[in-house]
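*Asks:* Here's a sequence, model it:
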Amino acid sequence: MAEPEALIRLVGLGAGGHAKSVLDAIRSSGRFEVTALVDDDPARAGGELLGHPVLGGEGELERLREEGVTHAFVGVGGVEDAAPRARAFERLAAAGFELPAIVHSRASVSPWARLGRGAQVLAGVVVNAAAEIGDGVILNTGAIVEHDCRLGAHVHVAPGARLGGVVTVGERALIGIGAIVLPGVQIGEGALVAAGAVVVRDVPPGAQVAGVPARPMPSSR
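*Replies:* Numbers count the residues shown, from 1 in each chain. Here you go, the predicted structure:
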């Protein structure tokens, strides 16, 4: 009888609300053992999150790496600003950690799709054939990414959002809760698609759109 594979030790950076969803996905996958979470917020350090200790202070990541923890995940979410999440990703990479893709056991990812480093695919997500998901992307609960989509690094597709086939989403863009992007549409880098919007035409980089059909918001850059 074959011996079960050893669990991969993993540390998380960030111990807020998004980390709870990622921890749920990690537990369901059966591949990892979370050693600890690290958070720079003094209010969180010294506590725990879903039974996992939260450490704080300079040097904790480096100490864990020296103790043989080789893998890590980003526990930072972010709604309108992807920059903190991207910085956390780069901090972990610079410290020498591997950032595996995290896939919930109740997600469906085509074997012909590609997931980048540190991509997070949460419960109920569907990723179809030939989709390419960039580094650090969040595909949040119940999102659908259809065939041949291209998502740049640190994109966040929020819960229940749906991307039709051959959609392109630039780096650090946000597709809000329940939004729909029609097939073939391009969403520019850093753009924001508001919750519930239906996007029928391309969105320029940095723009913010809302409504049905989606139109530029007054605050759009």
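*Asks:* can you pull up the bridge partners for the residue sitting nearest the centre point of the chain?
*Replies:* Centroid check for the chain by CA atoms, centre = their mean gives Ile138 as the closest residue, at 2.1 Å. Applying DSSP bridges to Ile138 gives these bridge partners: Gln120, His156.
*Asks:* Just give me the neighbour total for Thr205.
*Replies:* Heads up, residue 205 is Pro, not Thr. 15 (other CB atoms under 10 Å). No exception for glycine: its C-beta is placed from N, CA and C like everyone else's.
*Asks:* That one and Glu189 touch, don't they?
*Replies:* Yes - Pro205 lies in contact with Glu189 (CB atoms under 8 Å); the separation is 4.5 Å.
*Asks:* tell me, what's touching those two both at once?
*Replies:* Gly170 (CB atoms under 8 Å, 6 or more residues apart in numbering).
*Asks:* where in the protein is pLDDT low?
*Replies:* 1-4, 219-221 (pLDDT under 70).
*Asks:* For the closest residue to Leu49 other than its chain neighbours, grab phi and psi.
*Replies:* Spatial nearest neighbour of Leu49, chain neighbours left out: Ala15 (4.8 Å); criterion: CB to CB, 6 or more residues apart in numbering. Backbone torsions of Ala15, given as degrees, to the nearest 10, read phi -130, psi 40.
*Asks:* How about the contacts made by Gln186?
*Replies:* Gln186 touches 167-170, 202-203, counting by CB under 8 Å, 6+ apart.
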